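Q: Pasting the sequence and the predicted coordinates here, then a few questions.
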Amino acid sequence: MDYKPLFFRIYKDEEHEQYSALVKDKNAQVFDTIDNQLLEFLLCRNPSLSKEEVIKKGLVEQKLKDSGLTKKKYGVWVYYSWKNQLIHILDEEEFIEVRTNRNKYKITQEEQDILSTKKIGIAGLSVGRSVAQTIALERIAGEIRLADFDSIELSNLNRINAPLVEMGLNKSVAAAREIAEIDPYIKVTCFTEGLNKKNLESFFSNDGLLDLFIEECDDIAIKIDSRLVAKEFGVPVIMETNDNCIVDIERFDTEPDREIFHGRLNKDLLQHAYKANTIEDKTEILSSILEVSKISDRMKQSIPEIGKSIRSWPQTSSEVIYGGAISAAIARMILLKELNESDRLYLGLRRFVDYQLIQINK
């Protein structure tokens, strides 16, 4: 399952030949907006000028002349095999400069440069896809590792922003393709078998240690094992439970002796967790981790219905998208050393709305 685009810098003879062969053989759909991208780049470099002034001054033509390249050879041609599309874009440095321009100064250039070196791992690509998409959009990582063994089903599409043609596609591959179509220069690696005891260490450490792990798995044993590896390597962990947006931050980087799940699972419960196969067993473990009193009333009503009138825990797209944004924002704070403590945060929108209504009605 392909998820990595191909790059052609056709001012290089060898890549020009490969590009020409691909165009001939694949009959790809071509998108070429390099004119507008160059214009945007020059507007970013000359923010006091209007678009009309940049055009009038001939700055695009001058840029091409200075490069010694024709318009067709400037930048990079990117081929997405899964769509049979060939897209002409700016080369990496200029592309990133334009694409992140509207982040400034909410994210400074110095911060953007720091974030571009960071490696984030995400396991569980239902809720995790929203997190991955937001991380890619803000470009708060230069590398993203994705892990999920499952494929997209029709019932997932109440919360996963995916087209119907992606049904049956591995969730990590689908997310990787989406990231590549947003920004092909972000390095993405997929673990399509999900996380397991055999690949956990390589997920965390191959090609450089993760700077942050975002855990959104359903499997309780993997939740435990991944934290134990994160603790071993000193990698901080975020988990967002989208019901009431409960966010757990575990700073194994700054607190190496910290107990997993904030110490909420004793040794007996940890052992029991590995054997939790039934809905009842899993609910017992998750209740210990999450605090039943803190989940929403609707979720409390849903739990007894699991396996009876519903298949699994209910999730809505508004909560998933909200949680994805919150998780990405917290990830950025951790990576920029703005948030340095372990904590459990209760950030559910309903809590804030109810509080505001109480204040208004006082």
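A: Cool, got the structure. Numbering: from 1, shown residues only.

Q: Verify the stated contact: residue 199 with residue 192.
A: No: applying Cβ atoms under 8 Å, one finds residue 199 not in contact with residue 192, separated by 10.5 Å. Yep, even glycine has a C-beta here, placed from its N, CA and C like the rest.

Q: These two: which has the busier surroundings?
A: Between residue 199 and residue 192, counted using other Cβ atoms under 10 Å, residue 192 has the larger neighbour count: 17 against 14.

Q: Wasn't residue 120 part of a strand?
A: Yes: counting by DSSP: H, G, I helix; E, B strand; the rest coil, residue 120 is located in a strand.

Q: Quickly find the element holding the closest residue to it other than its chain neighbours.
A: Closest residue to residue 120 apart from its sequence neighbours, by Cβ to Cβ, 6 or more residues apart in numbering: residue 141 at 4.4 Å. Here residue 141 sits in a region with no helix or strand, counting by DSSP states H and E.

Q: ok now do residue 141, which residues does it touch?
A: 115, 116, 118, 119, 120, 135, 186, 211, 335 (Cβ atoms under 8 Å, 6 or more residues apart in numbering).

Q: And the helices in the stretch 201-350 of the chain?
A: Listed in chain order, the helices of the stretch 201-350 of the chain (DSSP state H, counting those that start in this stretch) span 220-233, 267-274, 279-290, 297-302, 317-335, 349-360.

Q: Compare those helices and give me the one nearest residue 3.
A: helix 317-335 (19.7 Å; Cβ to Cβ).

Q: can you pull the buried residues of that closest one?
A: 319-332, 334-335 (16 or more other Cβ atoms under 10 Å).

Q: out of these, who's nearest residue 358?
A: Nearest to residue 358 among the buried residues of helix 317-335, counting by Cβ to Cβ, is residue 322 at 20.9 Å.

Q: Quick check, pLDDT for that closest one.
A: Here the pLDDT value assigned to residue 322 is 94.

Q: Surely it touches residue 245?
A: Yes: judged on Cβ under 8 Å, residue 322 makes contact with residue 245 at a distance of 6.3 Å.

Q: intersection of neighbour lists for these two?
A: In contact with both residue 322 and residue 245: residue 349, using Cβ under 8 Å, 6+ apart.

Q: Contact partners for the residue nearest to residue 119 when sequence neighbours are not counted?
A: Spatial nearest neighbour of residue 119, chain neighbours left out: residue 143 (4.3 Å); criterion: Cβ to Cβ, 6+ apart. Residues near residue 143 by Cβ under 8 Å, 6+ apart: 118, 119, 120, 186, 187, 188, 189, 207, 208.

Q: ChimeraX command for the buried members of those residues?
A: To isolate the buried ones among the contacts of residue 143 in ChimeraX, judged by 16+ other Cβ under 10 Å, type:
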select :118,119,120,186,188,189
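
Q: what's the closest of the contacts of residue 143 to residue 237?
A: Nearest member of the contacts of residue 143 to residue 237, counting by Cβ to Cβ, is residue 120, at 11.3 Å.

Q: so what's the closest one bridging to?
A: residue 144, residue 212 (DSSP bridges).

Q: And the strands in the stretch 151-300 of the chain?
A: For the stretch 151-300 of the chain, the strands defined by DSSP state E, counting those that start in this stretch occupy 187-191, 212-215, 237-241, 246-250.

Q: Can you redo those as TSV, where the extra columns are distance to residue 257 and mean pLDDT?
A: Formatted as TSV, these follow (distance: least, Cβ to Cβ, whole Å; pLDDT from 0 to 100):
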stretch	distance to residue 257	mean pLDDT
strand 187-191	29	98
strand 212-215	18	98
strand 237-241	15	96
strand 246-250	12	96
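
Q: Could you dump those into CSV with distance to residue 102 added?
A: What follows is these, written out as CSV (distance: least, Cβ to Cβ, whole Å):
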stretch, distance to residue 102
strand 187-191, 23
strand 212-215, 24
strand 237-241, 25
strand 246-250, 26
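
Q: Of all those strands, which one comes closest to residue 111?
A: strand 212-215 (15.1 Å).

Q: What helices and strands are in contact with the closest one?
A: strand 119-123, helix 220-233, strand 237-241, helix 317-335 (3 or more Cβ pairs under 8 Å, 6 or more residues apart in numbering; DSSP states H and E).

Q: Please tabulate the ones you listed in JSON lines and include distance to residue 56 as additional columns.
A: Listed next are the helices and strands packed on strand 212-215 as JSON lines, based on distance: least, Cβ to Cβ, whole Å:
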{"stretch": "strand 119-123", "distance to residue 56": "43"}
{"stretch": "helix 220-233", "distance to residue 56": "56"}
{"stretch": "strand 237-241", "distance to residue 56": "49"}
{"stretch": "helix 317-335", "distance to residue 56": "39"}
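
Q: For residue 154, find the nearest of these.
A: When those are compared by Cβ to Cβ, helix 317-335 sits nearest residue 154, at 14.4 Å.

Q: helices or strands up against the closest one?
A: Against helix 317-335 (3+ Cβ pairs under 8 Å, 6+ apart) you get helix 109-115, helix 127-138, strand 212-215, strand 237-241, strand 246-250.

Q: Quick check: which ranges of the stretch 151-300 of the chain have low pLDDT?
A: Within the stretch 151-300 of the chain, the segments meeting pLDDT under 70 span 279.
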